[in-house]
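Undergrad: next input, structure requested:
(3 chains)
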Amino acid sequence: MATFHVLIIGGGATGAALAHDLALRGLQVTLVERGEVTSGTTGRHHGLLHSGARYAVKDQESARECIEENMILRRIAPESLELNDGLFVAITEEDVAYRDLFLEGCAQCGIPTRELTREEALRLEPNLSPDLKLAVQVPDGTMDAMRIPLRFLATAKHNGAVIKPFTEVVAILKQGNTVTGVRVRDHRTEKEYEIGADIVVNAAGPWSEKVAAMAGVHVPIQPSPGVLLALRGRLCNMVINRLHRSGDGDIIVPQRGLSVVGTSSWVVEDPDNLPVPEDHVQLMYEKGAEMVPMVKQAPFRAAWSAARPLVGERGATTGRELSRTFKCFDHADEGVEGFVTITGGKATTARGMAETTANVVCQKLGVDAPCRTREVVLLPHTAYYVQPD
Amino acid sequence: MVQERQTYGLIRRKGAWSWLDVRGRRLGAWAFALNRLTGLGLVLYLVIHLLVLSLLTQGESRWNDFIALAKSPAFLFLDVVLFFGLLFHGLNGIRVALVGMGLGVERHKTLFWVLMTIGAVLLLLSAWKVFSSPAT
Amino acid sequence: MAEQTVQFKVFRYKQGERPSYQTYTVRVDPRTTVLRALEQIRQEQDGTLAFRHSCFHASCGTCGMKVNGQEVLACVTNVLELGTPVVVVEPLDNAPLITDLVVDMGDFYARYQPAGMPMIRESEFLPDSQVPEGVEHHMRLENCIECGLCLSACPVAGSDPLYLGPAALAAAWRMVEEPRGRDPATVLAWVDHEHGCWRCHAAFECSEVCPSNVDPAGAIMALRRELTRRKIGQLFGRR
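TA: Numbering: from 1, shown residues only, chains lettered A, B, ... in the order given. A predicted model of the protein is given here:
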């Protein structure tokens, strides 16, 4: 079998999982990332291992993806997760009214739930608001937002993939209507060079529209940032979600010695240099404290913004109306060969996104190799830096 | 043992200067730096001390000349500096030894100040003794 | 919000060239961190500036650097709170430089590996809370975020390139403290040599700069105590 060369643009969770998948299928893989790996959206997310329950009512496709990938990640990256489960907490009567719809949605998507009384929930999490009415336990968890992708990259590297951080794509090379490679600038030397490829995959998350434009195609992406707030100390052991339709400041994720309160949602044109609006930070304090009052007293650690890559045309107002599922575009449909874009999705579903994309890539190249990423246990994250380039 | 991988040729490592570079550092690093300095100073003192003793082999007058010099106030001040070095190195050494065996690790700063207070008292006493001794 | 301008004097290095410093003027507000200021420089003034970052909230450990001579995480270092008209930004010491503020973490992580890399620990917060059904006990991620600040700040690592360093020794102690079925003797043997836990000379800078309350110095002393205890035990014929 001739070895095809696939070049991946973007060193986030998606690109990392894709490099791993393609390397396992025996393809030659090069991944380029303009900064350090996971420096875009991936590293900045709240570190929630989604059970899918958040989407079980409104966005069931995304919910099913989440629960499936959640269980796979527990198998292939066990040491990079906090096995702490999550609670959906009802604070108001309005929240309580949402319970039936929520439980029904979870059941439809195959997400296991357990209803807890107020007393049971407070015993598990004594810092919950005394206004608590009831809670539902789901298999959420905390993941290491950076180290899971590092494990994908470490394993990919071990299987022969070449990972090039600090390597920025400056042009996409085409012959006629076929993409033949990329021109990159190496930020370690500031020298430019070309890399040829049989297929180029655009996995640049919220930047994928910009990257696609270099190849002369359009990707409907709406960069939608959210503000997150990190507080010192673990205010809870489990992930605490508000039992309602998704809204601002409705999740608290304990992470190492921190508690992360998230998120808000708005839309921007440019995913770089995101502002951290002060009113959003205050909203995180207020909304977070409705679930866990100690949020207001806990010492501040950090406030930052991260841009979600939501699939959808421009014109959305907050981004909440857009699905959190992912989409793989084969730009042959628009007349450009050798160029594929994978975008949308979530850190939890990165492996699934990679599987779908690798299937498209293999089909285009006529490679018949099954996906093995559901079973292969990932190397430890340290192996990414320790293995020589 | 770990082998060092040096792929890029450039590494910011200060060598022995990192012992003494206390800019922006805190108590532990100051104590460490001063310990190294006083340690080196005491070694230097030992060498000078042996050289001075070797004057004895060069006759009585050379020795007496030195003793006269040793009674000058400036020289007596150097004796106090020597006491400072001895006291600091010795007392901080007690702290490092205790902490190094895992004793009082959380209270290493308190331990430092307690020992240094003892040291300061001893230093004042010795300075008083040095300067008030009859010049015989 | 009140904006001010601050000068950033940034260490620059591209492979094959001589290192230098470059000064940039940056608009900052009361929430601007050093990391966001660097992003701003890269976006608006100089696309060639390279630095490492990922999580923006002191959970990943990639943005370790020296700011005004101190090892910090750039993501939680507020610019105006530094209070200096010029902010000097340099890469960490005691690690090979790749470019600008980027250091190679390969050696650092290689030193971790024999510790068995404890990544998760039994939960220690909220002792009253019960464990959910189907879970043996809560697991949580380790405090250490592997940022390398301790290795940069250590005066002994500055003069002994082979010293295992505070982070690796702290990881070793975590393994000895919570072996979870493994044999601590192998890890203890690994740290029991002149470049291991005995090299430390109690400057405590590692614990001072640690952004995650790991207290590597305390861990090193605990390793020594454990080794001493075992050696004395052996003298008297016990193991």
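Undergrad: ok, C:Ala37 - contacts?
TA: C:Val6, C:Phe8, C:Val26, C:Val28, C:Val79, C:Val87 (C-beta atoms under 8 Å, 6 or more residues apart in numbering or on different chains). For every residue, glycine as well, the C-beta is placed using N, CA and C.
Undergrad: no wait, A:Gly262
TA: A:His46, A:Gly226, A:Val227, A:Leu228, A:Leu229, A:Gly249, A:Ile251, A:Val253, A:Met284.
Undergrad: with C:Val191 instead?
TA: Per C-beta under 8 Å, 6+ apart, neighbours of C:Val191: C:Leu164, C:Leu169, C:Ala172, C:Cys197, C:Leu223, C:Leu227.
Undergrad: what about it, distance to B:Gly100?
TA: 14 Å (C-beta to C-beta, to the nearest Å).
Undergrad: ditto for A:Arg301
TA: Applying C-beta to C-beta to A:Arg301 and B:Gly100 gives a distance of 33 Å.
Undergrad: can you pull out the low-pLDDT segments for the chain?
TA: Just going to use chain A. Applying pLDDT under 70 to chain A flags residues A:1-2, A:315-316.
Undergrad: look at chain C instead
TA: C:1, C:117-118, C:123-137, C:238-239.
Undergrad: could you list the domains of it?
TA: C:4-103, C:106-235 (automatic domain parsing).
Undergrad: which ones are touching A:Leu274?
TA: A:Pro225, A:Val268, A:Ser305, A:Ala306, A:Ala307.
Undergrad: may I have the phi/psi pair for the second one?
TA: If I follow you right, that is A:Val268. phi -130, psi 170 (degrees, to the nearest 10).
Undergrad: the last one now?
TA: Here is the backbone geometry of A:Ala307 (degrees, to the nearest 10): phi -100, psi 120.
Undergrad: what about it, neighbour count?
TA: Using other C-beta atoms under 10 Å in any protein chain shown, A:Ala307 has 24 other residues around it.
Undergrad: closest one of the contacts of C:Val191 to C:Pro114?
TA: C:Ala172 (7.7 Å; C-beta to C-beta).
Undergrad: correct me, but the closest one touches C:Glu226?
TA: No. If you go by C-beta atoms under 8 Å, C:Ala172 and C:Glu226 don't touch, sitting 10.2 Å apart.
Undergrad: only whichever of the contacts of A:Leu274 are buried, select them in PyMOL.
TA: The buried residues among those can be selected in PyMOL (16 or more other C-beta atoms under 10 Å in any protein chain shown) with this line:
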select buried, chain A and resi 225+268+305+306+307
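Undergrad: ok, and which of the contacts of A:Leu274 reach chain C?
TA: When contact is defined as C-beta under 8 Å from any C-beta of the partner chain, the contacts of A:Leu274 meet chain C at A:Ala306.
Undergrad: and B:His49, how many neighbours?
TA: B:His49 has 12 nearby residues by other C-beta under 10 Å.
Undergrad: whoops, I mixed them up, B:Val130
TA: 17.
Undergrad: got the contact list for it?
TA: B:Leu76, B:Asp79, B:Val80, B:Phe83.
Undergrad: for the third one, grab phi and psi.
TA: Its backbone dihedrals place B:Val80 at phi -70, psi -40, with angles given as degrees, to the nearest 10.
Undergrad: residues touching it, list them.
TA: B:Leu123, B:Ser126, B:Ala127, B:Val130.
Undergrad: show me which pair in the contacts of B:Val130 is furthest apart.
TA: B:Leu76 and B:Phe83 (10.7 Å).
Undergrad: which residues touch the lowest-mean-pLDDT helix or strand in chain B?
TA: When each helix and strand of chain B is scored by mean pLDDT, DSSP states H and E, helix B:60-70 comes last, with a mean of 87. Applying C-beta under 8 Å, 6+ apart, the contact partners of helix B:60-70 are B:Val52, B:Leu55, B:Leu56, B:Phe75.
Undergrad: so which of these sit within helices?
TA: B:Val52, B:Phe75 (DSSP state H).
Undergrad: so which residue is dead centre in chain A?
TA: Closest residue to the average C-alpha location of chain A: A:Ala347 at 2.2 Å, with C-alpha atoms, centre = their mean.
Undergrad: measure that one to chain C for me?
TA: Distance, A:Ala347 to chain C, using C-beta to the nearest C-beta, to the nearest Å: 12 Å.
Undergrad: ok, that residue - contacts?
TA: A:Ala13, A:Thr42, A:His45, A:Met143, A:Ala145, A:Ile148, A:Pro149.
Undergrad: equivalent analysis for A:Gly160, please.
TA: Per C-beta under 8 Å, 6+ apart, neighbours of A:Gly160: A:Ala23, A:Gln28, A:Val29.
Undergrad: kindly report the same for C:Leu164.
TA: B:Val2, C:Arg111, C:Ala172, C:Val191, C:His195, C:Gly196, C:Cys197, C:Arg199.
Undergrad: show the backbone phi and psi for C:Phe8.
TA: phi -110, psi 120.
Undergrad: is it in contact with C:Val89, as I believe?
TA: Yes. The criterion here is C-beta under 8 Å, and C:Phe8 meets it with C:Val89 at 6.1 Å.
Undergrad: residues bridging contact with those two, i.e. touching both?
TA: Common neighbours of C:Phe8 and C:Val89 (C-beta under 8 Å, 6+ apart) are C:Leu38.
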